[in-house]
Each structure stands twice: as structure tokens, then as C-alpha cells.
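Chemist: coords below, sequence missing:
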Ligand code: B12
């Protein structure tokens, strides 16, 4: 579609010179500072351009000053911000404050996986006098832009948005008042009940950190979970049943066939490099922390992994989990282990995106990003399998790729940033433990996003009772305790744990 737009550009330019053409609006797009995710924003850019909206895309990791400057230079009618991870929510608040401070009055659109209507209403809209509108997916972006710029629609749209946000703020205030949290010591007393006295922790065949420099695409393609691939294209459904869907089936099939061809090309021409760093370490829990030791003597601590505990008042008999509960306490003398990995399939993506950009092939570019994301998750699956195999119990498991997608393996692999370990800064500990930057060149931004974008990392637990959960809201007592353990002042703790407060 955008190829067609590109083809028409010379005519549109000529028309512009003759003074007859007007874009419907000018929109400035950016993924905020510290964040690298842009597949969603890129889709929004294409959809807007196809609706005669002039798009200036500043790319990823864009600081507030550049957004302000570009908004003035391009005479933007609307500014669109995107972000994938929770630290970006704080960065979006910073951009809103800066726009307000500079007296800018351009409406703001907020989008990306970590954003919500409620957060936009409660935390962002009050910071900026101009309209701040949350947009849930790309298909709604042109309508939102049109409603913000058309004089006939603007007033009603802005008023409806304001009223809805007022309602969401009231709802939020009520919810925060009514939720009871346990004192952290009470929550700790309700930790996951695991009887360590009868537990023999599996001993891995090797310990320490390892790296693989180049994993062949062909080796991991079978681990790809295709359902989220379709979500990226706004086609909701489970693979392979989606092909039978009366409305979406044919489009899904066509996309899937194109994806297979693109995947074969990536493989044949070696277009992407896939790397993995992973390791297994002697470890023991001490309260809500996990101490990681240099070797089997367990004398030297090389890292301390901090976990956060659920503090909600849960139904009787339901424990208040923290990830540390799933590692044997030091006092039990059970010799337990913690695993970790960081993987990326994004080496090579940027160069290819530049070439797709030059030939205006947006479809190819989005296909590449969507496939690289799938490969990152597939590589995580493979790496987790290597760790389970080293732990021996992996070798006797009989799991199909579909079983793996359904998480039927022993243990868990929570990713820092996900609900069981929502503190993104813990990625720094994981990266240092595995020497990720040196070994495989995946890097962390100031807000703990990983570069390249198609990367993921996780802790790996082997206990059969370990389970995924959501930490949820935490109290002031845990916030202060956690800040002390991390060596943070309270302001820093509030910043990194903002979504939990
Ligand atoms: C696929 C996925 C991944 C992939 C790809 C991510 C990437 N390319 O950066 C991989 C496996 C690599 C990944 C990794 C991680 N992920 Co992830 N991931 C997802 C998942 C399942 C889908 C996201 C996605 O790609 N959707 C498809 C795209 C097209 O949608 P989108 O980006 O949301 O964009 C749409 C809209 O939001 C909107 N939009 C987007 N931007 C804009 C801008 C404007 C102006 C407008 C109007 C609209 C708009 O339009 C787009 C198209 O419709 C989500 C969960 C979910 N259901 O959302 C978690 C999620 C985004 N991931 C999350 C996390 C934590 C991570 C990791 C930090 C985990 C880890 N430790 O490894 C890493 C971070 C990666 C990095 N580089 O730093 C969290 C983020 C929130 C948080 N708690 O911080 C989520 C929400 C999961 C969760 N429930 O906690 N992830």
C-alpha cells in the first residue's frame, strides 16, 4: 500500500508546488528515550500515510528535546508517542511535562504495548493542557488524528475524551482507596510453602556462563509460536485454526506463506544473526533475595537477584509469592541452582530495514520485524531447552513444540519486566552475571530496553512448584525495604517501581 503512496509522491509533490494539495494533517511519531520497540509505531506510520496524513517518524530512543524541536520544525498537528516497556511510561510523562513547560499546545497520541487508557488518563493527561489521547491500535489512529484536526469534529471529540478520562480517574481513585495490602512481614510469613527437607535439587551437568555466537535459523524455526505473529498484523486468532476463519482465514494464509518465503530467504542468505548467552549457577535464597555463587564452594557471592513479593490480601490458603521462594533457602543447605539467559535475533535487522526504507517496502520491513520478534522468542525456547537438558530432567522430558508454547516444561522462566519480576533494572544483574554485552553484544539502554529490539532475557527456575504470578501493587514498607536492598534512594525506587505503587 505504501509502495503505491511512494509511487504517487512525485505527483503529490508537484501538486504541492502548485498549491492545490493539502495533507489532511501532519503527525510526528517517536518511540520515547530509553525504548527501542518500533514495529507498532511503524505500522501506525504506514496506516496514517495511507490516509493522506504526512508522517515524520523520528525513530527510536528519542529524547524530549528532539520531539519538541521537530514538532516546531514540522508544524506538527499531532504528536504520537510509542513505548513497549513500563519505564517508557515515566519518559512519556517527562515529554508531557516538557511540552507543557514550553507552552506547546499540540495534541498528544499515546500508544504501544505498555500504555493503557487508564494510565493515560491518570498519569499523563493531568500533566499537559492539550488533549492527550490513548490509541489502542493502528486502525484507530487515522480516526483519532482526523477528529483532532477537523474543526467540525474537534470540540466534541476532545470533550468526550476529557469526560472519559475524568471518569477513569474517579474510578482509579476509588480502587486505590479500597485495596488492602498486607504488611510486608505478614506477606513474607505467607511465602510459598515448599518443603525443602524432602527436596533433592537437580544438579546441572555444568555450571557457569556460556554463549553461542550464531544459532542457525533452521534449527529453531520449529519453536516459533505463530499466533502472536498474526496479532502483529491485527489478525486475532490461534495458529493454525486461524486459517479456517471465515473472514480472516484467507489473509492469514497469504501472510503465513509470505512469512515462510521471507524466513527461507533469511536462512539462505544469512540475513540475521542469532546469539544466545546462558548460564547455570549455584544459588540460595536469603529472604526475598537470591544469592548467586561463583562456584560449588558457595563461598563467594557474585550476584544478588532481588525479588518483589505479592502484598495483596489473597484468598485463604493462597500464598504471597516472590520468585526467591522457588530457590532453596541458604539455611536448608539444599544445593540449589539458578539459570539465566539473554538472546537476540536482531543482529542484521537495522541494515535490512534501511534497504527496505530506501525501496519504500513497508510490507517487507514490518514482515522482517515481526519475524525477528518470533525468532527471538523461538531462540528463548531453544536456550531454555539447553538449560533444562543440562539439568538432566530436560533430557527425559517428551514435549512437542506445542507443549512448550503451552509452558508444559518443568519450572519457569520469568523475564525481568514481566509481572512476576516487574523491576526492569534487574536485567543489569542478569547481564553482568552472564557478561552479555561482552559475549554476545546485546546492550541495555538507560531504561533497560535491550538493543537490538528483538531480544529477550529471563531467569530460569527448576523447582516443579515454581509458578508464574503477578506481583501487583506493593506497599510503602516493601518499597522502602526494596530501595534499601538495591542501594537506591526513595525517589529512584519510586521511578523504577512506579507501575506497582
Ligand atoms: C511480542 C512481544 C515481545 C517480542 C518483541 C518486542 C519488540 N519487538 O520489541 C520480544 C520477545 C522480543 C519481547 C521482548 C520483551 N518484552 Co515483550 N511483549 C511482546 C507482546 C507479547 C506483544 C507486543 C507486540 O509486538 N505486539 C504487536 C505490535 C504490532 O503491537 P504494539 O507494539 O502494541 O503496537 C500497536 C499498538 O500498541 C499501537 N501503537 C503502538 N505505538 C503507537 C504509537 C502511536 C502514536 C499510536 C497512535 C498507536 C501506537 O498500534 C500498534 C499496531 O496496532 C507483549 C504483550 C502484549 N500483548 O502486548 C509483550 C510486552 C510488550 N513485553 C514486555 C516485556 C517486559 C518485554 C521484555 C522486557 C522481557 C524481557 N526481559 O525479555 C523484553 C523487552 C525487549 C527489548 N528489546 O528490550 C511487557 C512490557 C510491559 C512491561 N511490563 O514493561 C509486555 C506488555 C508483556 C507484559 N504483559 O508484561 N516482547
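Modeler: Ah, there it is. No experiment lies behind these values; they were computed from the predicted model shown.

Chemist: how many residues are close by residue 360?
Modeler: 16 (other C-beta atoms under 10 Å). Backbone N, C-alpha and C define where each C-beta goes, glycine included.

Chemist: for the stretch 51-200 of the chain, what lies in contact range of the ligand?
Modeler: 80-82, 84-86, 109, 111-114, 135, 137-138, 141 (C-beta under 6 Å from any ligand atom).

Chemist: farthest pair within those?
Modeler: Greatest spatial distance in these: 86 and 141, 22.2 Å, computed using C-beta to C-beta.

Chemist: same drill for those two, tell me which one is more crowded.
Modeler: The neighbour comparison of residue 86 against residue 141 (other C-beta under 10 Å) goes to residue 141, with 25 against 22.

Chemist: mind listing what's buried in whichever strand or helix holds that one?
Modeler: Residue 141 belongs to helix 141-149 when assigned by DSSP states H and E. For helix 141-149, a neighbour-count test (16 or more other C-beta atoms under 10 Å) marks 141-142, 144-149 as buried.

Chemist: which other helices and strands contact whichever helix or strand comes after that helix?
Modeler: Using DSSP H and E, the helix or strand that follows helix 141-149 towards the C-terminus is helix 151-178. On a contact count with 3 or more C-beta pairs under 8 Å, 6 or more residues apart in numbering; DSSP states H and E, helix 151-178 meets helix 117-119, helix 141-149.

Chemist: pull the distance from helix 151-178 to the chain's centre.
Modeler: 27 Å (C-alpha atoms, centre = their mean, to the nearest Å).

Chemist: next secondary structure after it?
Modeler: That would be, after helix 151-178 and using DSSP H and E, helix 184-189.

Chemist: buried residues in that following helix, which are they?
Modeler: Neighbour-count burial for helix 184-189 [16+ other C-beta under 10 Å]: 184, 187-188.

Chemist: now do the contacts for the nearest residue to residue 445 once chain neighbours are set aside.
Modeler: Nearest residue to residue 445 in three dimensions, chain neighbours excluded: residue 34, at 4.9 Å (C-beta to C-beta, 6 or more residues apart in numbering). Residue 34 makes contacts with 61, 87-88, 91, 445-449, as judged by C-beta atoms under 8 Å, 6 or more residues apart in numbering.

Chemist: which of those residues fall within strands?
Modeler: Counting by DSSP state E, the contacts of residue 34 place none of their members in strands.

Chemist: quick one: pLDDT of whichever residue of the stretch 151-300 of the chain sits closest to the ligand?
Modeler: Closest residue of the stretch 151-300 of the chain to the ligand, C-beta to the nearest ligand atom: residue 232 (4.2 Å). On the pLDDT scale, residue 232 is placed at 89.

Chemist: all strands for the stretch 351-500 of the chain, in order.
Modeler: In the stretch 351-500 of the chain, the strands defined using DSSP state E, counting those that start in this stretch lie at 443-444, 450-451, 455-460.

Chemist: oops, could you answer that again for the stretch 201-350 of the chain instead?
Modeler: Under DSSP E, counting those that start in this stretch, the stretch 201-350 of the chain gives strands at 208-212, 273-286, 289-293, 301-306, 336-347.

Chemist: just those: most buried one?
Modeler: For the strands of the stretch 201-350 of the chain, the largest average neighbour count (mean count of other C-beta atoms under 10 Å) is found in strand 336-347, namely a mean of 27.

Chemist: which strands and helices lie in contact with that strand?
Modeler: Against strand 336-347 (3+ C-beta pairs under 8 Å, 6+ apart) you get strand 273-286, helix 362-390, helix 426-434, helix 436-440, strand 450-451, strand 455-460.

Chemist: possible to save those as a markdown table with distance to residue 30?
Modeler: Output for the helices and strands packed on strand 336-347, formatted as a markdown table (distance: least, C-beta to C-beta, whole Å):
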| stretch | distance to residue 30 |
| --- | --- |
| strand 273-286 | 28 |
| helix 362-390 | 17 |
| helix 426-434 | 23 |
| helix 436-440 | 26 |
| strand 450-451 | 16 |
| strand 455-460 | 21 |
